[in-house]
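Q: one predicted model, sequence on top.
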Amino acid sequence: MKEVRLFVDPENVGKVMNAMAEAGVTGFYVIEYRGVSPKRWEGFMIEESPEAALKALKDLSENAVMFVTVVTDEVCERLKEVAEEYLRDVRHTIVVAPVDEITVR
C-alpha cells in the first residue's frame, strides 16, 4: 500500500480528479491551503517580528490543493503515469510514501 499526495494549483483540480478516476482510485480527501514553493522561498530572509513574518507568508504564499489517497502499489504506479499525462504542462508535485498499517475502528 502507498499513500499518494498530489499537489496542484486550484485551476487543475478537475485534471487530478480525472486522472484519479482513470487510474482506479476509489477514494481520497482534498485539502485547500496556502503554500510557498521552493523557488519563491529560496534565499529569502525575513525580519523576525511576528507581524513581518506573517505579512511575508501572506505575500509569498499561493492557493493550492492537496489530494491524498491510499492505494495498492499497482494503482499507485498507474496514478503516477496517468497524472503525468494529465498534468504534463502544469506545475504539480507527487509524493509517495509506504503505508505499513491501517487501523479502522
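A: Cool, the structure landed.
Q: list the buried ones in stretch 38-55?
A: Neighbour counts over stretch 38-55 (16 or more other CB atoms under 10 Å) mark no residue as buried. In this view, the C-beta of every residue, glycine as well, is placed from N, C-alpha and C.
Q: change the start of the numbering to 118 and stick with it
A: Okay, using 118 as the starting number, the last item reads as stretch 155-172.
Q: can you give me the helices for this protein?
A: Assigned by DSSP state H, the helices in the chain fall at 130-140, 155-158, 167-177, 190-203.
Q: tell me what the first one is packed against?
A: Where contact means 3 or more CB pairs under 8 Å, 6 or more residues apart in numbering; DSSP states H and E, helix 130-140 is packed against strand 119-125, strand 179-188, helix 190-203.
Q: just these: most buried one?
A: Relative to the other members of these, strand 119-125 carries the highest mean neighbour count by mean count of other CB atoms under 10 Å, namely a mean of 19.
Q: what's in contact with the helix or strand of the chain with the lowest mean pLDDT?
A: Among the helices and strands of the chain, helix 155-158 carries the lowest confidence by mean pLDDT, DSSP states H and E, at a mean of 75. Residues external to helix 155-158 that are found in contact with it (CB atoms under 8 Å, 6 or more residues apart in numbering): 177, 179.
Q: CA atoms only for it, dumped as CSV, please.
A: Extracted in CSV, the C-alpha atoms of helix 155-158 (Å, rounded to 0.1, in the frame of the first residue of the first chain):
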residue,chain,number,x,y,z
PRO,A,155,10.8,26.3,-3.1
LYS,A,156,11.5,28.7,-5.9
ARG,A,157,9.7,31.6,-4.2
TRP,A,158,11.3,30.8,-0.8
